[in-house]
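Chemist: Using only what follows, build the 3D model:
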Amino acid sequence: MDRRGHDAPLRCGGFPVIEIRAEVIVYDLDDTLYLEKDYAESGYKALSRQFAERIGGARFADECSRLLAEGARNNIFDLALARCRIDATPRLIAELVAAYRAHVPAIGFCGDTLRFFDRVGKEMRTGLITDGPKETQWAKVKALGLGETIDHVVVTGEWPKEFSKPHPRAFELIESLTSAPRRNIVYIADNGAKDFVSPRQLGWQSVQILRPDRIHAGTPRSPDHKADHVIASFDELEVRGVA
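Modeler: Below you'll find the model as predicted:
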């Protein structure tokens, strides 16, 4: 695995850069193009406004953010309500989850993402593969304007759950839409547990981005789950067209 060795070229900032040749760049979404914690905090604030009198208003959002920072994941609403001394009934939790997934997110790209988009330009063909509930992921895509800038957007939540990553269906769909040679497609994502095993098996190139403020550890489950390269920022990556 290339971890930006000492002989890699340097950008003016002094950090090594990985150079890749490709025809198609395919991105993951959460903690790749933007920070997932920003979406979470946007949702917490939306709930604190929508359900203010029932869940303790702004304190609920603050407790959710603290719990997220402490490492809580699947039961944040239950724990936050407990800290607010509010009974976490199944009905209330179901309402909160539904509203969280349906809220209009206040999110934006990471700065290095925008710089990478500028360097790549509009000539490179692009795709997006993202897991998660379809209404949630499409709301993120809309908030970031990706529907107008990415050639092919694939939200696996449109399909039965068994077709979520690491299932190869989404990657094979991108192949059929682009007709690019597999060796000339690169997938950039964050989660080593599920993101890279299928593109590796298909013969794609792969880059794992491990942002310091990511939510998931991103640890590969096995050598087959590892990406070809690992970066901490898009500033460490150059993708150029195939000569």
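Chemist: what are the bridge partners for the residue nearest the centre of the chain, then?
Modeler: Most central in the chain under C-alpha atoms, centre = their mean is residue 30, positioned 1.7 Å from the mean C-alpha point. Taking DSSP bridges as the rule, residue 30 bridges to residue 34.
Chemist: wait, what's in contact with it?
Modeler: Contacts for residue 30 (C-beta atoms under 8 Å, 6 or more residues apart in numbering) come out as 36, 39, 130, 132, 140, 190, 215. Placement of C-beta: from N, CA and C, glycine included.
Chemist: Am I right that the second one is in contact with residue 140?
Modeler: To tie it back to what came earlier, the one meant is residue 39. Yes - applying C-beta atoms under 8 Å, one finds residue 39 in contact with residue 140, separated by 6.4 Å.
Chemist: Could you tell me which residues touch both of the two?
Modeler: With C-beta under 8 Å, 6+ apart, residue 39 and residue 140 have common neighbours 30, 105, 107.
Chemist: how far away is the first one from residue 210?
Modeler: Spelled out, it's residue 30. 13 Å (C-beta to C-beta, to the nearest Å).
Chemist: hang on, the earlier thing: most neighbours of all the contacts of residue 30, which one?
Modeler: Highest neighbour count within the contacts of residue 30, by other C-beta atoms under 10 Å: residue 130, with 26 neighbours.
Chemist: my guess is it meets residue 137, correct?
Modeler: Yes - at 5.0 Å, residue 130 and residue 137 qualify as touching, with contact defined as C-beta under 8 Å.
Chemist: Between those two, which contacts overlap?
Modeler: Counting by C-beta under 8 Å, 6+ apart, the shared contacts of residue 130 and residue 137 are 29, 155.
Chemist: how is this protein carved up into domains?
Modeler: Following automatic domain parsing, one finds the domains of the chain at 18-35+108-240, 37-102.
Chemist: Turn these into JSON lines, columns for mean pLDDT.
Modeler: Below are those laid out as JSON lines (pLDDT from 0 to 100):
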{"stretch": "domain 18-35+108-240", "mean pLDDT": "96"}
{"stretch": "domain 37-102", "mean pLDDT": "96"}
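Chemist: quick one: pLDDT of residue 14?
Modeler: Looking at residue 14, its pLDDT stands at 55.
Chemist: First-to-last residue distance for stretch 187-194?
Modeler: End-to-end distance of stretch 187-194 (C-alpha to C-alpha, to the nearest Å): 12 Å.
Chemist: which stretches of this structure form strands?
Modeler: For the chain, strands defined by DSSP state E occupy the ranges 18-21, 24-27, 125-130, 152-155, 185-189, 205-209, 229-231, 237-240.
Chemist: now what about stretch 88-100, what contacts it?
Modeler: 43-44, 46-47, 50-51, 54-55, 77-78, 81-82, 86.
Chemist: Just the CA atoms of it, as PDB, please.
Modeler: What follows is stretch 88-100, C-alpha atoms only, in PDB (Å, rounded to 0.1, in the frame of the first residue of the first chain):
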ATOM      1  CA  ALA A  88     -37.400   7.900  25.100                       C
ATOM      2  CA  THR A  89     -40.600   6.100  24.000                       C
ATOM      3  CA  PRO A  90     -40.500   4.000  20.800                       C
ATOM      4  CA  ARG A  91     -42.900   6.400  19.200                       C
ATOM      5  CA  LEU A  92     -40.800   9.400  20.000                       C
ATOM      6  CA  ILE A  93     -37.600   7.800  18.800                       C
ATOM      7  CA  ALA A  94     -39.300   6.700  15.500                       C
ATOM      8  CA  GLU A  95     -40.500  10.300  15.000                       C
ATOM      9  CA  LEU A  96     -37.000  11.700  15.600                       C
ATOM     10  CA  VAL A  97     -35.400   9.200  13.300                       C
ATOM     11  CA  ALA A  98     -37.800  10.000  10.500                       C
ATOM     12  CA  ALA A  99     -37.500  13.700  10.900                       C
ATOM     13  CA  TYR A 100     -33.700  13.500  11.000                       C
END
